[in-house]
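Participant: I would like to see how this sequence folds:
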Amino acid sequence: MPNWKTILSYDGTPYHGWQIQPNLPTIQGTLAQAIHHITGESVLPQGSGRTDAGVHALAQVASFSIESPIPPANFHRALNHALPPSIRVLSIDHAPSDFHARHSAICKTYEYRIHPTSSICSPMLAPYVWPCPFPLNFQQLQHAATHVAGTHDFTSFAAADPDLATRTAELSSDQPQHATSIRTIHHSHWRQQEGIFIYRVTGTGFLHHMVRNLVGTFAQAGTGRIPAHAIPKILAACNRSAAGPTAPASGLFLAEVKY
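Facilitator: Okay, the predicted model is just below:
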(Lines give C-alpha, C1' and ligand atoms only; values in the text may rest on other atoms or scores of the structure.)
Protein backbone atom coordinates (compact mmCIF):
# COMPACT_ATOMS: atom_id res chain seq x y z
CA MET A 1 0.00 0.00 0.00
CA PRO A 2 1.21 3.55 -0.68
CA ASN A 3 2.93 5.13 2.30
CA TRP A 4 2.09 8.71 3.26
CA LYS A 5 3.90 11.44 5.20
CA THR A 6 1.97 14.36 6.62
CA ILE A 7 3.01 17.39 8.66
CA LEU A 8 0.47 18.66 11.17
CA SER A 9 0.07 21.74 13.32
CA TYR A 10 -2.30 21.60 16.26
CA ASP A 11 -3.54 23.32 19.37
CA GLY A 12 -3.22 20.63 22.02
CA THR A 13 -5.46 22.37 24.55
CA PRO A 14 -8.65 20.34 23.92
CA TYR A 15 -6.88 17.00 23.48
CA HIS A 16 -5.58 14.29 25.80
CA GLY A 17 -2.30 14.11 23.92
CA TRP A 18 -1.32 12.40 20.68
CA GLN A 19 -1.93 8.75 21.53
CA ILE A 20 -5.40 7.32 20.99
CA GLN A 21 -7.34 6.62 24.19
CA PRO A 22 -10.81 5.12 24.69
CA ASN A 23 -13.57 7.74 24.92
CA LEU A 24 -11.12 10.66 24.99
CA PRO A 25 -10.27 13.17 22.23
CA THR A 26 -6.70 12.73 20.97
CA ILE A 27 -4.77 13.96 17.94
CA GLN A 28 -4.04 10.45 16.65
CA GLY A 29 -7.66 9.37 17.07
CA THR A 30 -9.05 12.50 15.43
CA LEU A 31 -6.69 12.15 12.45
CA ALA A 32 -7.59 8.46 12.10
CA GLN A 33 -11.29 9.35 12.07
CA ALA A 34 -10.73 11.96 9.35
CA ILE A 35 -8.81 9.47 7.19
CA HIS A 36 -11.58 6.90 7.65
CA HIS A 37 -14.23 9.49 6.76
CA ILE A 38 -12.45 10.26 3.47
CA THR A 39 -11.20 6.81 2.43
CA GLY A 40 -13.30 4.31 4.39
CA GLU A 41 -10.06 2.75 5.62
CA SER A 42 -9.13 2.20 9.27
CA VAL A 43 -5.53 3.17 9.99
CA LEU A 44 -3.55 4.26 13.04
CA PRO A 45 -1.23 7.12 11.98
CA GLN A 46 2.20 6.93 13.62
CA GLY A 47 3.53 10.24 14.97
CA SER A 48 7.14 11.30 15.33
CA GLY A 49 6.48 11.59 19.06
CA ARG A 50 3.61 11.21 21.51
CA THR A 51 2.93 14.74 22.70
CA ASP A 52 1.22 14.85 26.09
CA ALA A 53 -2.16 16.27 27.01
CA GLY A 54 -2.23 20.01 26.38
CA VAL A 55 1.03 20.08 24.40
CA HIS A 56 0.96 21.77 20.98
CA ALA A 57 2.74 21.15 17.67
CA LEU A 58 4.02 23.49 14.98
CA ALA A 59 5.20 20.60 12.81
CA GLN A 60 4.28 17.13 14.02
CA VAL A 61 5.04 14.43 11.45
CA ALA A 62 2.82 11.39 10.97
CA SER A 63 2.97 8.42 8.60
CA PHE A 64 0.44 5.79 7.53
CA SER A 65 -0.45 3.53 4.61
CA ILE A 66 -3.76 3.35 2.74
CA GLU A 67 -4.96 1.65 -0.43
CA SER A 68 -7.05 4.54 -1.79
CA PRO A 69 -5.49 6.08 -4.93
CA ILE A 70 -6.31 9.66 -3.90
CA PRO A 71 -4.10 12.45 -5.30
CA PRO A 72 -2.09 14.28 -2.60
CA ALA A 73 -3.61 17.71 -3.34
CA ASN A 74 -7.15 16.32 -3.07
CA PHE A 75 -6.27 14.42 0.09
CA HIS A 76 -4.79 17.59 1.61
CA ARG A 77 -7.97 19.59 1.01
CA ALA A 78 -10.23 16.78 2.17
CA LEU A 79 -8.35 16.24 5.43
CA ASN A 80 -8.45 19.90 6.41
CA HIS A 81 -12.16 19.92 5.61
CA ALA A 82 -12.76 16.83 7.77
CA LEU A 83 -10.53 17.85 10.69
CA PRO A 84 -11.54 20.35 13.40
CA PRO A 85 -9.97 23.84 13.19
CA SER A 86 -7.62 22.95 16.07
CA ILE A 87 -5.74 20.54 13.75
CA ARG A 88 -4.36 21.59 10.36
CA VAL A 89 -2.55 19.51 7.77
CA LEU A 90 0.34 21.66 6.54
CA SER A 91 1.46 19.17 3.90
CA ILE A 92 0.88 15.60 2.81
CA ASP A 93 2.57 13.51 0.15
CA HIS A 94 3.70 10.01 -0.74
CA ALA A 95 6.74 8.73 1.15
CA PRO A 96 9.18 5.84 0.59
CA SER A 97 7.83 2.47 1.72
CA ASP A 98 10.35 2.28 4.58
CA PHE A 99 9.59 5.75 5.96
CA HIS A 100 8.28 5.79 9.53
CA ALA A 101 7.52 9.08 11.28
CA ARG A 102 9.19 8.01 14.53
CA HIS A 103 11.79 5.40 13.61
CA SER A 104 13.16 7.43 10.67
CA ALA A 105 13.62 10.63 12.69
CA ILE A 106 17.21 11.69 13.47
CA CYS A 107 16.44 14.66 15.73
CA LYS A 108 13.58 16.75 17.10
CA THR A 109 13.26 20.33 18.23
CA TYR A 110 10.93 21.56 20.96
CA GLU A 111 10.12 25.10 22.04
CA TYR A 112 8.86 26.17 25.43
CA ARG A 113 7.37 29.64 25.96
CA ILE A 114 7.20 31.54 29.24
CA HIS A 115 5.31 34.78 29.78
CA PRO A 116 7.14 36.56 32.64
CA THR A 117 5.33 38.50 35.36
CA SER A 118 6.62 41.87 34.14
CA SER A 119 3.49 42.37 32.02
CA ILE A 120 -0.12 41.19 31.93
CA CYS A 121 -0.63 37.99 29.96
CA SER A 122 -3.36 38.38 27.35
CA PRO A 123 -6.13 35.74 27.57
CA MET A 124 -5.50 35.15 23.85
CA LEU A 125 -1.93 34.15 24.66
CA ALA A 126 -2.40 32.33 27.97
CA PRO A 127 -3.25 28.88 26.49
CA TYR A 128 0.11 28.84 24.66
CA VAL A 129 2.55 29.97 27.36
CA TRP A 130 3.39 29.40 31.00
CA PRO A 131 2.29 32.61 32.73
CA CYS A 132 5.12 32.24 35.24
CA PRO A 133 4.10 33.68 38.64
CA PHE A 134 7.59 34.75 39.73
CA PRO A 135 10.27 37.00 38.19
CA LEU A 136 12.98 35.28 36.17
CA ASN A 137 16.54 36.33 35.42
CA PHE A 138 17.04 35.71 31.71
CA GLN A 139 20.83 35.42 31.99
CA GLN A 140 20.51 32.69 34.62
CA LEU A 141 17.99 30.80 32.47
CA GLN A 142 20.48 30.93 29.61
CA HIS A 143 23.40 29.89 31.81
CA ALA A 144 21.48 26.89 33.15
CA ALA A 145 20.44 25.76 29.67
CA THR A 146 24.01 25.54 28.40
CA HIS A 147 24.82 22.74 30.86
CA VAL A 148 22.54 20.15 29.23
CA ALA A 149 24.14 20.33 25.76
CA GLY A 150 26.00 17.15 24.86
CA THR A 151 25.37 13.49 25.67
CA HIS A 152 24.06 12.78 29.16
CA ASP A 153 21.93 10.43 31.19
CA PHE A 154 18.72 12.45 31.67
CA THR A 155 17.12 10.23 34.33
CA SER A 156 16.88 13.23 36.67
CA PHE A 157 14.66 14.99 34.13
CA ALA A 158 12.43 12.05 33.18
CA ALA A 159 9.00 11.29 34.56
CA ALA A 160 7.88 7.69 34.89
CA ASP A 161 6.60 6.74 31.45
CA PRO A 162 3.36 4.71 31.59
CA ASP A 163 3.93 3.51 28.02
CA LEU A 164 7.62 2.61 28.40
CA ALA A 165 7.16 -1.12 27.72
CA THR A 166 5.11 -0.38 24.61
CA ARG A 167 7.52 2.25 23.35
CA THR A 168 10.58 0.07 23.91
CA ALA A 169 8.97 -2.80 22.02
CA GLU A 170 8.18 -0.50 19.09
CA LEU A 171 11.73 0.87 18.76
CA SER A 172 13.77 -0.16 15.73
CA SER A 173 16.94 -2.16 16.28
CA ASP A 174 19.14 0.66 14.98
CA GLN A 175 18.07 2.96 17.84
CA PRO A 176 19.30 1.15 20.98
CA GLN A 177 19.95 4.36 22.94
CA HIS A 178 16.22 5.06 23.13
CA ALA A 179 15.73 2.11 25.48
CA THR A 180 17.95 3.99 27.96
CA SER A 181 17.87 7.45 29.52
CA ILE A 182 20.88 8.64 27.51
CA ARG A 183 20.19 11.39 25.00
CA THR A 184 22.30 13.81 22.97
CA ILE A 185 21.27 17.47 23.03
CA HIS A 186 22.65 19.44 20.08
CA HIS A 187 21.32 22.89 20.96
CA SER A 188 19.88 24.28 24.20
CA HIS A 189 19.27 28.02 24.47
CA TRP A 190 16.81 30.76 25.40
CA ARG A 191 15.81 33.87 23.48
CA GLN A 192 13.46 36.76 24.07
CA GLN A 193 10.78 37.71 21.57
CA GLU A 194 8.08 40.33 22.13
CA GLY A 195 8.36 39.95 25.88
CA ILE A 196 8.22 36.13 25.82
CA PHE A 197 11.07 33.91 27.02
CA ILE A 198 11.46 31.06 24.50
CA TYR A 199 13.53 27.95 25.19
CA ARG A 200 14.56 25.97 22.10
CA VAL A 201 16.14 22.55 22.41
CA THR A 202 17.21 20.08 19.71
CA GLY A 203 18.18 16.50 20.44
CA THR A 204 18.24 12.91 19.26
CA GLY A 205 15.19 12.17 21.39
CA PHE A 206 13.43 13.14 24.60
CA LEU A 207 12.23 11.24 27.64
CA HIS A 208 8.75 11.48 29.13
CA HIS A 209 8.20 15.09 30.34
CA MET A 210 11.92 15.77 29.81
CA VAL A 211 11.60 19.23 28.24
CA ARG A 212 9.01 20.37 30.79
CA ASN A 213 11.22 19.10 33.64
CA LEU A 214 14.22 20.91 32.20
CA VAL A 215 12.25 24.15 31.96
CA GLY A 216 10.91 23.76 35.50
CA THR A 217 14.47 23.34 36.77
CA PHE A 218 15.83 26.22 34.67
CA ALA A 219 13.07 28.40 36.14
CA GLN A 220 14.39 27.61 39.61
CA ALA A 221 17.79 28.86 38.45
CA GLY A 222 16.09 31.92 36.98
CA THR A 223 14.57 32.78 40.36
CA GLY A 224 17.79 32.14 42.26
CA ARG A 225 16.42 29.14 44.17
CA ILE A 226 19.27 27.06 42.79
CA PRO A 227 22.52 28.20 41.12
CA ALA A 228 22.67 27.73 37.37
CA HIS A 229 25.91 25.78 37.75
CA ALA A 230 24.04 23.12 39.76
CA ILE A 231 22.64 21.54 36.58
CA PRO A 232 25.61 19.14 36.04
CA LYS A 233 25.22 17.90 39.62
CA ILE A 234 21.50 17.32 39.04
CA LEU A 235 22.28 15.35 35.86
CA ALA A 236 24.88 13.24 37.70
CA ALA A 237 22.39 12.37 40.45
CA CYS A 238 20.23 10.32 38.02
CA ASN A 239 17.31 10.92 40.37
CA ARG A 240 14.11 12.73 39.45
CA SER A 241 13.84 14.22 42.95
CA ALA A 242 17.10 16.10 42.38
CA ALA A 243 15.58 18.27 39.65
CA GLY A 244 12.88 20.94 39.74
CA PRO A 245 9.13 20.77 39.13
CA THR A 246 7.42 19.99 35.83
CA ALA A 247 6.52 23.11 33.86
CA PRO A 248 2.89 23.28 32.59
CA ALA A 249 2.03 21.60 29.29
CA SER A 250 0.54 24.79 27.83
CA GLY A 251 3.91 26.33 26.98
CA LEU A 252 5.37 23.36 25.07
CA PHE A 253 5.45 23.00 21.26
CA LEU A 254 6.92 20.27 19.06
CA ALA A 255 8.61 22.62 16.59
CA GLU A 256 10.49 20.49 14.05
CA VAL A 257 11.47 16.93 13.16
CA LYS A 258 14.41 16.13 10.88
CA TYR A 259 14.97 12.96 8.85
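
Participant: count of residues packed around the nearest residue to Ala95 once chain neighbours are set aside?
Facilitator: In space, and not counting its chain neighbours, Ala95 is closest to Lys5: 3.8 Å by CB to CB, 6 or more residues apart in numbering. Yep, even glycine has a C-beta here, placed from its N, CA and C like the rest. The tally of other residues near Lys5 (other CB atoms under 10 Å) stands at 19.

Participant: what's near enough to touch Lys5?
Facilitator: 61-63, 92-95, 99, 101 (CB atoms under 8 Å, 6 or more residues apart in numbering).

Participant: Switch these over to JSON lines; also include pLDDT, distance to Gly49 and secondary structure.
Facilitator: What follows is those, written out as JSON lines (pLDDT from 0 to 100; distance: CB to CB, whole Å; DSSP: H, G, I helix; E, B strand; the rest coil):
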{"residue": "Val61", "pLDDT": "98", "distance to Gly49": "9", "secondary structure": "strand"}
{"residue": "Ala62", "pLDDT": "98", "distance to Gly49": "10", "secondary structure": "strand"}
{"residue": "Ser63", "pLDDT": "98", "distance to Gly49": "13", "secondary structure": "strand"}
{"residue": "Ile92", "pLDDT": "97", "distance to Gly49": "18", "secondary structure": "strand"}
{"residue": "Asp93", "pLDDT": "97", "distance to Gly49": "20", "secondary structure": "strand"}
{"residue": "His94", "pLDDT": "97", "distance to Gly49": "22", "secondary structure": "strand"}
{"residue": "Ala95", "pLDDT": "96", "distance to Gly49": "17", "secondary structure": "strand"}
{"residue": "Phe99", "pLDDT": "97", "distance to Gly49": "16", "secondary structure": "coil"}
{"residue": "Ala101", "pLDDT": "97", "distance to Gly49": "9", "secondary structure": "coil"}
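
Participant: Just the buried subset of those, written out for PyMOL, thanks.
Facilitator: Entered in PyMOL, the line below selects the buried ones among the contacts of Lys5, by 16 or more other CB atoms under 10 Å:
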select buried, resi 61+62+63+92+95+101
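
Participant: export the contacts of Lys5 to TSV and tack on distance to Asn213?
Facilitator: Shown next, in TSV, are the contacts of Lys5 (distance: CB to CB, whole Å):
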residue	distance to Asn213
Val61	24
Ala62	25
Ser63	28
Ile92	33
Asp93	35
His94	38
Ala95	33
Phe99	31
Ala101	24
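
Participant: Tell me the one of the contacts of Lys5 nearest Pro45?
Facilitator: Pro45 lies nearest to Ala62 out of the contacts of Lys5, by CB to CB, at 4.2 Å.

Participant: what's the spacing between the residue nearest to the closest one when sequence neighbours are not counted and Phe218?
Facilitator: Closest residue to Ala62 in three dimensions, ignoring its sequence neighbours and counting by CB to CB, 6+ apart: Pro45, at 4.2 Å. For Pro45, the distance to Phe218 equals 33 Å [CB to CB, to the nearest Å].

Participant: neighbour count winner among the two?
Facilitator: Phe218 (30 against 23).
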